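**Student:** A predicted structure for the sequence below; I have some questions about it.
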Amino acid sequence: MIFSTLEHILTHITYIKSYLLFDRFNCNYNSFNNFIS
């Protein structure tokens, strides 16, 4: 049970990290588009 909880937390951390990374990439991409146009 402790192991599955740990796995659950790790999964959430990974998901949040990738989401934040994607969000940051999205912001950069939008500003890049604005810069071009």
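**Tutor:** Structure's in. What do you need? On a predicted model such as this, the values are computed, not experimentally measured, just so you know.
**Student:** Go ahead and flag the most central residue of the protein.
**Tutor:** Tyr19 (1.9 Å; CA atoms, centre = their mean).
**Student:** can you give me the mean pLDDT across the helix or strand harbouring Asn33?
**Tutor:** Assigned by DSSP states H and E, Asn33 belongs to helix 2-36. Helix 2-36 shows a mean pLDDT of 82.
**Student:** buried residues in it?
**Tutor:** By neighbour count on 16 or more other CB atoms under 10 Å, the buried set for helix 2-36 is empty. Every C-beta, even on glycine, is put in place using the N, C-alpha and C of the backbone.
**Student:** any idea how far the residue nearest to the centre of the chain is from Ile13?
**Tutor:** 11 Å (CB to CB, to the nearest Å).
**Student:** same check, this time on Phe35
**Tutor:** Applying CB to CB to Phe35 and Ile13 gives a distance of 33 Å.
**Student:** Then Phe22?
**Tutor:** 15 Å.
**Student:** again, but for Ser4
**Tutor:** Ser4 is 15 Å from Ile13, by CB to CB.
**Student:** Tell me who's in contact with Phe35.
**Tutor:** Going by CB atoms under 8 Å, 6 or more residues apart in numbering, Phe35 touches no other residue.
**Student:** and what of Thr5?
**Tutor:** So Thr5 contacts nothing (CB under 8 Å, 6+ apart).
**Student:** now do Leu6
**Tutor:** Per CB under 8 Å, 6+ apart, neighbours of Leu6: none.
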